[in-house]
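# when you get a sec, could you give me coordinates for this:
(one chain, ligands or ions: 1)
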Amino acid sequence: MISKRILTMQDLSCVGQCSLTVALPVLSAFGVETCVLPTAILSNHTMFKKWSCFDFTEEAENIMRVWKENSFKFDAFYLGYLGSASLTEVAKRCFKQFSAEGAKVIIDPAFGDDGKLYPAFDEEYVNAMRQLIKSADIILPNLTEACFLSGTLYEQQSSVEFAEKVIKKLSALTDAVIVLTGVEKNGEIGEIIYSEGKFSYIWDEKLPIRFHGTGDIFASAFTAVYLESGSFEKACSTAGRFVADSIRATDSSHPYGVNFEYVLKNTIK
Ligand code: PXL
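The predicted structure is shown next:
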């Protein structure tokens, strides 16, 4: 059986369950051959008080030069936290040079939450991401990211109608299928999918605690299931269940991520 070969581009945070330390185990457990292009190496993710960051733009160029000599191709690209605007240019070249026939580009903008940008980002990064999503087949923003990308003022107490309005504005910037994540409605949480001019919805029970890094778990599982099944609905419901199970397995005193390892271990058992 041949599995898809995917390239994921995101940071390696040495401590903290996010980005590559989530994407690698999750994609592998879902049966996807996963290659990586690290975008930055951080001491830990930026929700801690202090962090260091080594930007990988220069080394990414070296890596891509050798990949070209080796004629590598990938069936899909999955992008998360890149860290700097220069890496969006690297990403565009990467799609051009290393796409196998019909390769899909899946982008999680991963630059903000709760109406705010993550500490390392600014308007320049949002602008660069606005350009990059033009190359995507699927994007996975949360409401904060969708608002920044579409130039809409974020509303804390938002409705499904507001989310749909933001999606429509965002769809003027990209032909990608839009999967808006973390939408809330009457005690439920879910995704709004906008594909070929139509909305569809996946809802699940909303759990009372929120944790960091769940967006990366969702995007990794979504990517794996979508590549295998071609179904946005199946990818959203499986990924949503995986996130919920991981949250349920997490001790609330654990400060920086969810216990997705427990869920993987029991699934494999
Ligand atoms: O989970 C998103 C993420 C990924 N990588 C780094 C982060 C964050 C969110 O804060 O800081 C380095």
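
# for residue 182, phi and psi?
Dihedral pair for residue 182: phi 70, psi 30, per degrees, to the nearest 10.

# bridged to the closest residue to it other than its chain neighbours, which residues?
In space, and not counting its chain neighbours, residue 182 is closest to residue 142: 4.7 Å by Cβ to Cβ, 6 or more residues apart in numbering. From N, CA and C alone the C-beta is placed, and that goes for glycine too. Using DSSP bridges, the bridge partners assigned to residue 142 are residue 181.

# ok, residue 142 - contacts?
112-113, 180-182, 215 (Cβ atoms under 8 Å, 6 or more residues apart in numbering).

# out of these, who's nearest residue 16?
residue 215 (13.1 Å; Cβ to Cβ).

# that closest one and residue 182 touch, don't they?
Yes. Counting by Cβ atoms under 8 Å, residue 215 does reach residue 182; the two are 7.4 Å apart.

# of those two, who's got more company?
residue 215 (23 against 20; other Cβ atoms under 10 Å).

# I'd guessed residue 112 sits against residue 149; true?
No. Counting by Cβ under 8 Å, residue 149 is not a contact partner of residue 112; they are 9.9 Å apart.

# quickly find the element holding residue 193.
Using DSSP states H and E, residue 193 sits in strand 188-195.

# if you could redo that for residue 162, that was the one I meant.
Short version, using DSSP H and E: residue 162 is in helix 160-171.

# list the residues that contact the residue most central in space within the chain.
Closest to where the C-alpha atoms of the chain average out (Cα atoms, centre = their mean) is residue 108, at 3.1 Å. By Cβ under 8 Å, 6+ apart, the residues touching residue 108 are 78-80, 139-141, 215-216, 219.

# cool, thanks, talk later.
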